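[1] Please find the sequence and the predicted model below.
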Amino acid sequence: AQKVTQAQTEISVVEKEDVTLDCVYETRDTTYYLFWYKQPPSGELVFLIRRNSFDEQNEISGRYSWNFQKSTSSFNFTITASQVVDSAVYFCALRGTGANNLFFGTGTRLTVIP
Amino acid sequence: EAQVTQNPRYLITVTGKKLTVTCSQNMNHEYMSWYRQDPGLGLRQIYYSMNVEVTDKGDVPEGYKVSRKEKRNFPLILESPSPNQTSLYFCASSLAGFSYEQYFGPGTRLTVT
(Lines give C-alpha, C1' and ligand atoms only; values in the text may rest on other atoms or scores of the structure.)
Protein backbone atom coordinates (compact mmCIF):
# COMPACT_ATOMS: atom_id res chain seq x y z
CA ALA A 1 0.00 0.00 0.00
CA GLN A 2 1.14 3.50 -0.70
CA LYS A 3 0.11 6.51 1.30
CA VAL A 4 1.10 10.14 1.68
CA THR A 5 0.22 12.16 4.77
CA GLN A 6 0.32 15.92 4.95
CA ALA A 7 -0.80 16.56 8.48
CA GLN A 8 -0.79 20.34 8.17
CA THR A 9 -4.06 21.32 6.58
CA GLU A 10 -3.48 25.07 6.67
CA ILE A 11 -0.54 27.26 7.60
CA SER A 12 -0.37 31.03 7.81
CA VAL A 13 2.87 32.95 8.03
CA VAL A 14 3.83 36.58 7.79
CA GLU A 15 5.84 37.59 4.76
CA LYS A 16 9.59 36.95 5.06
CA GLU A 17 9.14 34.19 7.61
CA ASP A 18 10.46 30.73 6.86
CA VAL A 19 7.94 27.87 6.68
CA THR A 20 8.25 24.10 6.44
CA LEU A 21 5.60 21.88 4.92
CA ASP A 22 5.66 18.32 6.17
CA CYS A 23 5.21 15.18 4.09
CA VAL A 24 5.30 11.64 5.45
CA TYR A 25 4.93 8.67 3.14
CA GLU A 26 4.40 4.93 3.33
CA THR A 27 5.45 2.39 0.75
CA ARG A 28 6.77 -1.15 0.61
CA ASP A 29 8.69 -0.43 -2.58
CA THR A 30 12.43 0.00 -2.34
CA THR A 31 12.46 2.12 -5.47
CA TYR A 32 10.07 5.03 -5.60
CA TYR A 33 9.81 8.68 -6.47
CA LEU A 34 8.52 11.59 -4.44
CA PHE A 35 7.15 14.79 -5.91
CA TRP A 36 5.97 18.19 -4.80
CA TYR A 37 3.38 20.16 -6.73
CA LYS A 38 2.10 23.69 -6.18
CA GLN A 39 -1.50 24.73 -6.83
CA PRO A 40 -1.79 28.54 -6.81
CA PRO A 41 -5.18 30.26 -6.48
CA SER A 42 -5.55 30.13 -10.27
CA GLY A 43 -5.95 26.36 -9.90
CA GLU A 44 -3.32 24.77 -12.12
CA LEU A 45 -0.87 22.20 -10.78
CA VAL A 46 2.76 23.14 -11.11
CA PHE A 47 5.53 20.57 -10.76
CA LEU A 48 8.24 21.65 -8.30
CA ILE A 49 10.57 18.74 -7.69
CA ARG A 50 11.14 15.01 -8.11
CA ARG A 51 13.33 12.92 -5.83
CA ASN A 52 14.16 9.22 -6.15
CA SER A 53 14.47 6.90 -3.19
CA PHE A 54 18.20 6.40 -3.63
CA ASP A 55 19.11 10.04 -3.49
CA GLU A 56 18.91 11.48 0.00
CA GLN A 57 20.78 14.64 -0.75
CA ASN A 58 18.92 17.74 0.18
CA GLU A 59 18.12 20.05 -2.68
CA ILE A 60 17.94 23.81 -2.81
CA SER A 61 16.42 25.90 -5.55
CA GLY A 62 16.41 29.58 -4.74
CA ARG A 63 14.20 30.08 -1.71
CA TYR A 64 12.95 26.49 -1.87
CA SER A 65 14.65 23.55 -0.24
CA TRP A 66 13.72 19.93 0.28
CA ASN A 67 14.81 17.57 3.02
CA PHE A 68 14.44 13.86 2.20
CA GLN A 69 14.97 11.43 5.08
CA LYS A 70 14.32 7.75 4.43
CA SER A 71 14.82 6.92 8.11
CA THR A 72 11.69 8.87 8.99
CA SER A 73 9.92 8.43 5.61
CA SER A 74 9.67 12.16 5.24
CA PHE A 75 10.15 14.59 2.37
CA ASN A 76 9.70 18.05 3.82
CA PHE A 77 9.61 21.30 1.90
CA THR A 78 10.93 24.58 3.26
CA ILE A 79 10.32 28.03 1.86
CA THR A 80 12.79 30.62 3.09
CA ALA A 81 11.79 34.28 3.35
CA SER A 82 8.25 33.58 2.20
CA GLN A 83 6.48 35.89 -0.21
CA VAL A 84 2.84 36.54 -0.94
CA VAL A 85 3.24 34.74 -4.28
CA ASP A 86 4.01 31.57 -2.34
CA SER A 87 0.40 31.44 -1.17
CA ALA A 88 -0.96 28.21 -2.62
CA VAL A 89 -1.92 24.66 -1.85
CA TYR A 90 1.10 22.37 -1.89
CA PHE A 91 0.79 18.66 -2.61
CA CYS A 92 3.28 15.94 -1.89
CA ALA A 93 2.96 12.80 -4.03
CA LEU A 94 4.49 9.34 -4.24
CA ARG A 95 4.88 6.87 -7.08
CA GLY A 96 6.35 3.43 -6.52
CA THR A 97 7.78 0.78 -8.80
CA GLY A 98 5.16 -0.41 -11.20
CA ALA A 99 2.55 1.94 -9.80
CA ASN A 100 0.33 3.43 -12.42
CA ASN A 101 -0.61 6.56 -10.59
CA LEU A 102 0.64 9.22 -8.28
CA PHE A 103 -0.59 8.94 -4.71
CA PHE A 104 -1.26 12.44 -3.47
CA GLY A 105 -1.45 13.78 0.03
CA THR A 106 -4.41 15.93 0.93
CA GLY A 107 -2.41 19.11 0.53
CA THR A 108 -1.33 21.98 2.74
CA ARG A 109 -2.80 25.42 2.15
CA LEU A 110 -0.16 28.06 2.75
CA THR A 111 -1.20 31.67 3.23
CA VAL A 112 1.50 34.30 3.32
CA ILE A 113 0.27 37.49 4.94
CA PRO A 114 1.83 40.73 3.71
CA GLU B 1 4.50 25.40 -26.20
CA ALA B 2 4.36 22.02 -24.46
CA GLN B 3 1.03 21.71 -22.77
CA VAL B 4 -1.99 19.69 -21.74
CA THR B 5 -5.31 21.25 -22.68
CA GLN B 6 -8.74 20.47 -21.33
CA ASN B 7 -12.17 21.57 -22.49
CA PRO B 8 -14.44 22.85 -21.22
CA ARG B 9 -12.87 24.63 -18.26
CA TYR B 10 -16.20 25.08 -16.53
CA LEU B 11 -19.38 23.09 -16.94
CA ILE B 12 -22.71 23.09 -15.17
CA THR B 13 -25.03 20.29 -16.13
CA VAL B 14 -27.99 18.31 -14.86
CA THR B 15 -28.19 14.79 -13.54
CA GLY B 16 -28.24 12.17 -16.25
CA LYS B 17 -27.12 14.31 -19.19
CA LYS B 18 -24.14 12.66 -20.86
CA LEU B 19 -21.02 14.79 -21.14
CA THR B 20 -17.45 14.52 -22.37
CA VAL B 21 -14.42 16.41 -21.12
CA THR B 22 -11.65 16.47 -23.69
CA CYS B 23 -7.95 16.27 -22.94
CA SER B 24 -5.12 16.70 -25.41
CA GLN B 25 -1.34 16.84 -25.04
CA ASN B 26 1.30 17.89 -27.56
CA MET B 27 4.34 16.29 -25.92
CA ASN B 28 4.03 12.84 -27.49
CA HIS B 29 3.60 11.32 -24.05
CA GLU B 30 2.65 7.68 -23.76
CA TYR B 31 1.03 7.94 -20.36
CA MET B 32 -2.16 9.89 -19.67
CA SER B 33 -4.41 10.00 -16.66
CA TRP B 34 -7.51 11.59 -15.16
CA TYR B 35 -7.77 12.76 -11.57
CA ARG B 36 -10.50 14.36 -9.56
CA GLN B 37 -9.80 16.80 -6.76
CA ASP B 38 -12.18 17.13 -3.84
CA PRO B 39 -11.75 19.21 -0.67
CA GLY B 40 -9.88 17.32 2.02
CA LEU B 41 -9.19 14.35 -0.25
CA GLY B 42 -6.38 15.58 -2.47
CA LEU B 43 -6.27 14.19 -5.99
CA ARG B 44 -7.51 10.70 -6.75
CA GLN B 45 -6.96 8.84 -9.98
CA ILE B 46 -10.01 7.91 -12.07
CA TYR B 47 -8.50 6.17 -15.11
CA TYR B 48 -5.16 6.00 -16.78
CA SER B 49 -3.73 4.94 -20.13
CA MET B 50 -0.28 3.55 -20.76
CA ASN B 51 -0.58 3.97 -24.52
CA VAL B 52 -3.04 3.95 -27.41
CA GLU B 53 -5.87 1.47 -26.85
CA VAL B 54 -4.55 0.60 -23.37
CA THR B 55 -6.62 1.94 -20.50
CA ASP B 56 -7.23 0.82 -16.94
CA LYS B 57 -9.10 1.81 -13.81
CA GLY B 58 -7.62 3.98 -11.12
CA ASP B 59 -8.88 4.37 -7.58
CA VAL B 60 -12.31 5.91 -8.29
CA PRO B 61 -13.51 4.74 -11.73
CA GLU B 62 -17.23 4.27 -11.00
CA GLY B 63 -19.42 6.41 -13.23
CA TYR B 64 -16.69 7.27 -15.71
CA LYS B 65 -15.46 5.98 -19.06
CA VAL B 66 -12.40 6.79 -21.10
CA SER B 67 -10.96 5.98 -24.49
CA ARG B 68 -7.53 6.35 -26.07
CA LYS B 69 -7.83 6.11 -29.82
CA GLU B 70 -5.01 8.54 -30.51
CA LYS B 71 -1.86 9.14 -28.55
CA ARG B 72 -2.56 12.81 -27.96
CA ASN B 73 -6.19 12.57 -26.81
CA PHE B 74 -7.75 11.06 -23.72
CA PRO B 75 -11.39 12.10 -23.26
CA LEU B 76 -13.30 11.51 -20.02
CA ILE B 77 -16.92 10.49 -20.47
CA LEU B 78 -19.68 10.71 -17.90
CA GLU B 79 -22.56 8.67 -19.31
CA SER B 80 -25.06 9.65 -16.61
CA PRO B 81 -23.60 12.30 -14.32
CA SER B 82 -24.74 12.50 -10.73
CA PRO B 83 -24.28 15.24 -8.12
CA ASN B 84 -21.50 13.27 -6.37
CA GLN B 85 -19.43 13.75 -9.52
CA THR B 86 -19.33 17.49 -8.90
CA SER B 87 -15.59 18.06 -8.66
CA LEU B 88 -12.48 19.59 -10.17
CA TYR B 89 -11.03 17.31 -12.83
CA PHE B 90 -7.45 17.22 -14.04
CA CYS B 91 -5.94 15.48 -17.00
CA ALA B 92 -2.23 14.66 -16.85
CA SER B 93 0.40 13.19 -19.13
CA SER B 94 3.97 12.00 -18.86
CA LEU B 95 6.57 9.87 -20.53
CA ALA B 96 6.23 6.17 -19.83
CA GLY B 97 7.83 5.01 -16.60
CA PHE B 98 7.13 5.75 -13.00
CA SER B 99 10.04 8.14 -12.55
CA TYR B 100 8.72 10.92 -14.73
CA GLU B 101 6.78 13.89 -13.47
CA GLN B 102 3.26 14.33 -14.75
CA TYR B 103 2.18 17.47 -16.53
CA PHE B 104 -1.30 18.61 -15.67
CA GLY B 105 -3.95 20.40 -17.66
CA PRO B 106 -5.62 23.54 -16.30
CA GLY B 107 -8.53 21.66 -14.76
CA THR B 108 -12.26 21.40 -15.49
CA ARG B 109 -14.69 22.44 -12.80
CA LEU B 110 -17.84 20.37 -13.15
CA THR B 111 -21.08 20.98 -11.30
CA VAL B 112 -23.89 18.45 -11.58
CA THR B 113 -27.26 19.64 -10.26
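    Sure thing, it's come through. Numbering: from 1, shown residues only, chains lettered A, B, ... in the order given.
[2] so what's the residue nearest the centre of chain B bridging to?
    To find the centre residue of chain B, average its C-alpha atoms and take the closest one (CA atoms, centre = their mean): that gives residue B:34, at 2.9 Å. According to DSSP bridges, residue B:47, residue B:91 are recorded as the beta-bridge partners of residue B:34.
[3] Who does residue A:24 form a beta bridge with?
    Assigned bridge partners for residue A:24, using DSSP bridges, are residue A:5, residue A:74.
[4] My guess is the residue nearest to the centre of chain B contacts residue B:91. True?
    Yes: with the criterion set as CB atoms under 8 Å, residue B:34 and residue B:91 qualify as a contacting pair; they are 5.7 Å apart. (Glycine included, C-beta is placed from N, CA and C.)
[5] Common neighbours of these two, please.
    Any residue near both residue B:34 and residue B:91 by CB atoms under 8 Å, 6 or more residues apart in numbering or on different chains counts here, and that gives B:23, B:74, B:76.
[6] What count of nearby residues applies to the last one?
    For residue B:76, the neighbour count with other CB atoms under 10 Å in any protein chain shown is 22.
[7] neighbouring strands for the lowest-mean-pLDDT helix or strand in chain A, and are they parallel or not?
    One helix or strand of chain A scores below all others by mean pLDDT, DSSP states H and E: strand A:59-61, with a mean of 88. Under the criterion DSSP bridges, strand A:59-61 sits next to strand A:64-69 (antiparallel) in its sheet.
[8] If I look at residue A:40, what pLDDT would I see?
    Per-residue confidence (pLDDT) for residue A:40: 95.
[9] and if you look at residue A:30?
    Predicted confidence (pLDDT) for residue A:30: 88.
[10] quick one: contacts for it?
    Residues in contact with residue A:30, defined by CB under 8 Å, 6+ apart, are A:53, A:97.
[11] Specify the beta-bridge partners of residue A:19.
    Under the criterion used (DSSP bridges), residue A:19 bridges to residue A:79.
[12] dump the residue contacts of the closest residue to residue B:64 other than its chain neighbours.
    Nearest non-adjacent residue to residue B:64, counting by CB to CB, 6 or more residues apart in numbering or on different chains: residue B:46, 5.2 Å away. When the contact criterion is CB under 8 Å, 6+ apart, the partners of residue B:46 are B:33-36, B:58-61, B:64, B:66, B:76, B:89.
[13] got it, and residue B:71?
    Going by CB under 8 Å, 6+ apart, residue B:71 touches B:28-30, B:51-52.
[14] Which of the three states applies to it?
    Residue B:71 carries the three-state label coil when classified by DSSP: H, G, I helix; E, B strand; the rest coil.
[15] For it, give me the pLDDT.
    What the model reports as pLDDT for residue B:71 is 96.
[16] And it, how close does it get to residue B:58?
    In this view, residue B:71 and residue B:58 are 19 Å apart by CB to CB, to the nearest Å.
[17] One more: residue B:6?
    Relative to residue B:58, residue B:6 is positioned 17 Å away (criterion: CB to CB).
[18] Lovely, talk soon.
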